[in-house]
Every structure is written in structure tokens, then in C-alpha cells.
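Colleague: Build me a model from this:
(2 chains)
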Amino acid sequence: MANALNQGHEGTKLTLEDTNQIKMPFLSASQEMNGTYSMDNIFISAENQSLKGTFSGPIAMAGSKIKICILALDIAEFLSPSSAGDNMTNCSGPSVRLNGTGTARFTVPGVREGIYTLSVVDNNSSKLTAIPLLITQGNLTMQTQAKVMAGDVLTAKMSTTAEGNQTRIFAGIMISMKDYKNASLHRVNGTQNFTLSLGSKSLEIGGMPSLSTDLLMKVMYLLPQNSAVGMQESQNPEADLALITDAQWPKGIYILTCAIYSPGQGLIGLKQEAVEVS
Amino acid sequence: MIKIFMVLALLLLISFGSGFEVSPSNPNSGDRVILNGIASPGEQVPLRSSFSMNLPVAAGQYEYETRLDIPQKPNKFTLTVRNVKDFNAGVKLGIWITKGFAASDGTATISQADVPTGTYDLKMFGEALPGASQVPVQVVAETTVKADSQGKYGMEIDTSGIPNGDYRIEGAGDSKTIHIGGSSQSTSSGDDGGNAYIPQKPKQVEITRNVIKWYAHQIGLNPSNSSQYAETEKYLQKRLSGGYWLVVARGEPLTEEAGNCEQEYCLVRGADACRICREKDALLKGINLSEKPELKSKTSPQNLSQVLENDTENKNFISTIFEWMEGLLGIGKAG
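Modeller: Next up, the predicted model:
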């Protein structure tokens, strides 16, 4: 767990403490729009865990009040190019006063598992900045090699703090950073559908993407050949994943994204690490 | 899982009926075996085959790798491994997909039905129980075949590359055991390997501290740290277990490309890499489909994405693959 930083609009800066973050594919509201909204990272925290952070605004805001609110993510609204500056009268979170340098620390009560937007609004309820926030049932810790030789097996030790002895699926996907960076998620014009593209392949997803085995299976077909998937099912809070690489894989940095999922219950944890394939 | 597939491949080509004959019963590897069976016309005859093998354990790890062919459905396979702490099964469907299984009392069992036809690269590997020198693998493959309009079954099996051993085949109250290799002590005559397959004979270096230090740098660990050194040694031993990989010294020939190792050490595939795998490859290649009129052409999962885009029949195949993977991975559709 580390502090996560988001550089917002017009010089605003939002830092969340003790959160993980994962890199996201490039997102845009539509394929035709010029004003796309880059969402490089999504912040991850465990449910019911209060969120502490720091907001820094322009010096002109020094001494003014801001409000912090967490609302269920409407990805279409979030991706709207006019997102910043939107009026958010429904923001009823705690308010804090910025100090003389336009900075304030804040604490927001924890929320249940889900996908949210953490927004900062000014005294007029205008949105100053917002970040996507994924709340999982617990925290996930992962240990893996920093480097693996092409053709070798990468192992990832995963464990979660979430309690219970329900069946859990531990899964990991390994994909080259190059391909991951080129991935994109577009909203299809005039619909609630999204298109996930990876290289020359794409997949249309109906409605808000949600984690499911169906989605996982479909995503597998988007993955380039120098990708790998590992899974294990267990009732224990920990498991070892094995991901097989091929000797022909291009050398370079790969992104390993691991998740623990409980069918019918939801996402228990999510974490991402960079691994070098040599 | 691998052996299961292979036996399945064998079985699916063997059209036994309610009573069948096999000739010869003790073929040498490379011989052709003729199998004939009689059943009622159109009868569906369930068949079951089983055999065992022992995988060597090196540095506490076992590993097996091959490519195999599933000629038709229906099918079901069950694989049981013993003396293991864990078991991982990987199948390459364009990308490698691996599922881990926890062992119970040293035993792990997986079972899967209706594996889609196609050619698969497969790996199984894991950690053996402490002190185990071998991992016994038992394979059971089941299928159902349909007699033709005259109730006849017949086929020819090319046993080239089939390793010595017994294959027990049961069906409709009858059972036969094919013993490949006869009483000869000679190695499989079908294991010619091919000159192109074994271009060079690399020489494995002794695994010294220097080698471990070199490997640590290769995988991003610090050999000066004792725990990371130990971890590196473990990874390297695991890597080298089974003889598939070798570490060769500078100047030694490379095995997969021209030239010699130009670094202090190089990790290469051994010339005898996975000899059993090649034997199994030969087994699968060697089986002839003499009479399979109803067998559809197979689609290689290597090209799934192209297939997905192109034709309806293969989209059904993709769906089947999905279902199979869901079954294999043990996950439902709960979302």
C-alpha cells in the first residue's frame, strides 16, 4: 500500500494514502470525440476502510472550503469531457477548509465494495477534480519475481485479508506493457456500450463493464500471444499462481494483474505488478 | 492430463465394439497394430483406457510437457498424480492458461469431459512431496464410439514413438492390454528424434555458486542476499528439473539457433529435451485415421481469434472451448 497521486485539472492535486492503484487502458467517451479523458490509474482500497488524503488546489482557493464525496461511478458521466466543472449538488461528503497554500487533508468514511468516483467540489458545488476508486472486500498482497526468463514459469503468491471460507478464484493475467498501454476502452456513440480494444482485436461490452467469468473468457481472446493467464480456486485466503511464458516472448516489461474473486460475492482484491521478461 | 489426452487420442481412434481383437498384442514400437471389433449396427459402445507413468522428481519439482491431439468427442479424462504438494496444468489456447490444484494427502485429481477437438500444447508441473523421487501419474480416458451400419470397427495404429508400457483397454465387458515394446530392452525404435530436432548436443555445466549468481541476475534477484540466493537456487533447480533446460557455458553450441553461447552462461533447451514428450508427439503423429468419416476437420486453438471472426461453426467451437475452459478452470458463470 502506498500513497496514490492524481494530477487533476487546472493544477489540482489529489493524494490518497494507503491505497493501491492499477494502470488502466486509455479511456474515452466516444471514438469521434476530440476531448478524451485519460484515466491512467484507478485507485484501490478495501471496503469500510476510511480514506485519507490531501487535496491541493490553486493558490487562489486558499482559505476556501471544499467538499469530498464518494459516489457510485457513472463511467459515461465520468468520461464526459466537460466533467471538470460540472455542478455536483448531490455531493454531501465532509467539507474541509484549504490552508493558506490551498491545501487540505481530509478523511472520508469507508464505503462498501463497488466502483466509485471520489470527487472534490468547491463551495459552489463545482467539481474540481475526480478520480475513479475501486473498493474491494479486502486487501490483496502479492509476491512475485521482479524478473523472469522467457520460457520460464512466473509464480505469484497471493493472499487476502478478507475473512470467510467461501470459494475464491485467484486469477492473474500477464500482458506486455506495450500492449497494455495500447489497450483502450471507448464508449460507443449513442449507446451505453463500450468497446475494449487490444491491438487489432476488439470486444463490445454491453453496459458498464463488470467482473464476470464471461467477461474474463472474452477478454482472453483479446490477449496477444505473448500473454498468460493463471488461476487457482481455493477456500484458503492464499494461493500460488503459475503463469507460463514462452521462450519466444519479446523481452521487456510486462504487467501482471492479479485478482481474487468470489462468485456471487464480488471482488475481494486486485493488485498489479510490473515484471521484466528477459 | 497429458497422458490422458494421449490415451484419449489413442482410444478415440480405436473403434472397439462388444468384443474386439488386437493384433499383434505385443508390438514393438513402430509396428502397426490392427484392431477389429464387432457390435450391433449403430451401437454406442463406451470404452475406457488406463495406464500409468512415473515422472522423475528433481530438486523437489516435477514437470511434463507435450503437444497432443484430440481427434473427436465425446471424451472424458481423469488424471491422478500422487506424491505431490501441488499440481499445475497448463494448456495453450493461443495463450498459456494454467490452473493450479491443491493436493489432498499428496494426491491431486482432475477430471474433464468433452475436450474440444484440436491440437494442444500442454504442461503439467508442480512441487513433489518431500523425499519423493517419482510422481506416479495415472491416466484414465473414456469415450464412446458408434458402430457402423454393419456393426464393424476396424483401425490401424501406427505405434511409432509409443513408449514401452501397457495400455489397458476396456469396453463392453471385454478388455485388452496392448504392451508396447515387447520384451526387448531396446529403447523405442520410433524415437529417432530426427536430425533436425536434435541439432546439437549441449553440455550442462555443474551448478556452482557462480552459476546461481548468474541466474539470480537473470531473474532480478540479489545473490548477495542469502534468502534470495536460496530462492534463486530453488528456481534454477526447478527450471532444470526434468532435463528440458540446460545451462551451458560460453562457447558451447546453442540448440535453438546458430552459433555458440557468447555469455558466461546460457540457458538453452536440451537436445534431449523432454524425450518422453517427443515420444508422445510421435505417438500422436503416428496414429492414422483410417476410417473416421464422421470426424470433422479439427481447428487448432492457435488460431482462435481468427476463427472467432470468421465462421459460425467455429464460433460454436469457440463456445465449446469457453465451456470447456470454464469446466477445466472450475468456474461458473456467476457474475
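Colleague: from here on, contacts and neighbour counts on C-alpha atoms
Modeller: Fine.
Colleague: can you list the residues of the stretch 101-250 of chain A near chain B?
Modeller: For the stretch 101-250 of chain A, the contact set with chain B under Cα under 8 Å from any Cα of the partner chain comprises A:145-149, A:152, A:169, A:210-214, A:217, A:221-233, A:240-245.
Colleague: For chain B, what's its nearest residue on the stretch 1-150 of chain A.
Modeller: residue A:147 (4.3 Å; Cα to the nearest Cα).
Colleague: What residues does that residue make contact with?
Modeller: Remark: with contacts taken as Cα atoms under 8 Å, 6 or more residues apart in numbering or on different chains, residue A:147 is in contact with A:275, A:276, A:277, A:278, B:218, B:219, B:220, B:221.
Colleague: at 7 Å instead, please
Modeller: A:275, A:276, A:277, A:278, B:219, B:220 (Cα atoms under 7 Å, 6 or more residues apart in numbering or on different chains).
Colleague: same deal with residue B:110?
Modeller: Per Cα under 7 Å, 6+ apart, neighbours of residue B:110: B:78, B:79, B:80.
Colleague: just checking, next helix/strand downstream of the helix or strand where the last one lies?
Modeller: I take that to be residue B:80. Assessed by DSSP states H and E, residue B:80 sits inside strand B:75-82. Using DSSP H and E, the helix or strand that directly follows strand B:75-82 along the chain is strand B:86-93.
Colleague: buried set for stretch B:218-233?
Modeller: Across stretch B:218-233, burial judged by 16 or more other Cα atoms under 10 Å in any protein chain shown covers B:218, B:219, B:220, B:221, B:222, B:223, B:229, B:231, B:232, B:233.
Colleague: Helices - which of these land there?
Modeller: If you go by DSSP state H, the buried residues of stretch B:218-233 have B:218, B:229, B:231, B:232, B:233 in helices.
Colleague: Which member of the residues you listed is positioned nearest residue A:204?
Modeller: Taking Cα to Cα as the measure, residue A:204 lies nearest residue B:218 of these, at 39.8 Å.
Colleague: Distance of that closest one relative to chain A?
Modeller: Separation of residue B:218 from chain A (Cα to the nearest Cα, to the nearest Å): 7 Å.
Colleague: Contacts only, for that residue.
Modeller: residue A:149.
Colleague: Now with 8 Å, please.
Modeller: Counting by Cα under 8 Å, 6+ apart, residue B:218 has contacts A:147, A:148, A:149, A:278.
Colleague: For the spatially most central residue of chain A, which three-state class applies?
Modeller: Central residue of chain A (Cα atoms, centre = their mean): residue A:42, 2.7 Å from the mean position. For residue A:42, the assignment made with DSSP: H, G, I helix; E, B strand; the rest coil gives strand.
Colleague: close enough to count as contact, it and residue A:135?
Modeller: No. Counting by Cα atoms under 8 Å, residue A:42 does not reach residue A:135; the two are 10.3 Å apart.
Colleague: What segments of the stretch 151-278 of chain A are strands?
Modeller: Per DSSP state E, counting those that start in this stretch, the stretch 151-278 of chain A carries strands over the ranges A:153-160, A:168-176, A:184-187, A:194-198, A:201-205, A:228-234, A:238-244, A:252-262, A:266-277.
Colleague: Export the ones you listed as TSV, with columns for mean pLDDT, distance to residue A:103 and mean neighbour count.
Modeller: Formatted as TSV, those follow (pLDDT from 0 to 100; distance: least, Cα to Cα, whole Å; neighbours: other Cα atoms under 10 Å in any protein chain shown):
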stretch	mean pLDDT	distance to residue A:103	mean neighbour count
strand A:153-160	94	34	20
strand A:168-176	92	38	25
strand A:184-187	75	33	22
strand A:194-198	81	37	21
strand A:201-205	80	40	17
strand A:228-234	92	43	25
strand A:238-244	94	40	25
strand A:252-262	92	33	22
strand A:266-277	91	29	22
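Colleague: mind putting those in a markdown table, distance to residue B:137 included?
Modeller: Compiled in a markdown table, the strands of the stretch 151-278 of chain A are given as follows (distance: least, Cα to Cα, whole Å):
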| stretch | distance to residue B:137 |
| --- | --- |
| strand A:153-160 | 21 |
| strand A:168-176 | 26 |
| strand A:184-187 | 44 |
| strand A:194-198 | 39 |
| strand A:201-205 | 40 |
| strand A:228-234 | 21 |
| strand A:238-244 | 20 |
| strand A:252-262 | 30 |
| strand A:266-277 | 32 |
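Colleague: Residue A:101: which of the ones you listed is closest?
Modeller: With respect to residue A:101, and counting by Cα to Cα, the nearest of the strands of the stretch 151-278 of chain A is strand A:266-277 at 34.1 Å.
Colleague: Could you tell me which strands that closest one is paired with, and in which direction each runs?
Modeller: Applying DSSP bridges, strand A:266-277 is found paired with strand A:147-148 (parallel), strand A:252-262 (antiparallel).
Colleague: nearest to residue A:141, of these?
Modeller: strand A:252-262 (9.6 Å).
Colleague: re earlier: got TSV for the strands paired with strand A:266-277, with distance to residue A:117 too?
Modeller: Listed next are the strands paired with strand A:266-277 as TSV, based on distance: least, Cα to Cα, whole Å:
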stretch	distance to residue A:117
strand A:147-148	34
strand A:252-262	21
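Colleague: Between those, which one is closest to residue B:25.
Modeller: Going by Cα to Cα, the one of those nearest residue B:25 is strand A:147-148, 47.7 Å.
Colleague: what's the closest non-adjacent residue to residue B:101?
Modeller: The spatial neighbour of residue B:101 that comes closest, neighbours along the chain excluded (Cα to Cα, 6 or more residues apart in numbering or on different chains), is residue B:87 at 5.1 Å.
Colleague: Please apply the same query to residue B:52.
Modeller: Using Cα to Cα, 6+ apart, the nearest residue to residue B:52 is residue B:138, at 4.4 Å.
Colleague: What about that neighbour, how many residues nearby?
Modeller: Residue B:138 is flanked by 19 other residues according to other Cα atoms under 10 Å in any protein chain shown.
Colleague: helix/strand/coil for it?
Modeller: Per three-state DSSP, residue B:138 ends up strand.
Colleague: so it bridges to which residues?
Modeller: Going by DSSP bridges, residue B:138 forms beta bridges with residue B:52, residue B:80.
Colleague: surely it meets residue B:107?
Modeller: No. With contacts counted by Cα under 8 Å, residue B:138 stays clear of residue B:107, the gap being 10.9 Å.
Colleague: Name the residues of the helix or strand harbouring residue B:109 that are buried.
Modeller: Assessed by DSSP H and E, residue B:109 sits inside strand B:107-113. Neighbour-count burial for strand B:107-113, with 16+ other Cα under 10 Å as criterion, is recorded at B:107, B:108, B:109, B:111, B:112, B:113.
Colleague: Of all the strands paired with strand A:266-277, which one is nearest residue B:55?
Modeller: strand A:147-148 (25.0 Å).
Colleague: Between the strands paired with strand A:266-277, which one is closest to residue A:63.
Modeller: Across the strands paired with strand A:266-277, closest to residue A:63 is strand A:252-262 (Cα to Cα), at 41.2 Å.
Colleague: re the thing from before, what is the nearest of the contacts of residue A:147 to residue B:176?
Modeller: residue A:277 (49.0 Å).
Colleague: Please name the bridge partners of that closest one.
Modeller: Beta-bridge partners, per DSSP bridges, of residue A:277: residue A:148, residue A:252.
Colleague: now it: how far from residue A:246?
Modeller: According to Cα to Cα, to the nearest Å, residue A:277 stands 10 Å off from residue A:246.
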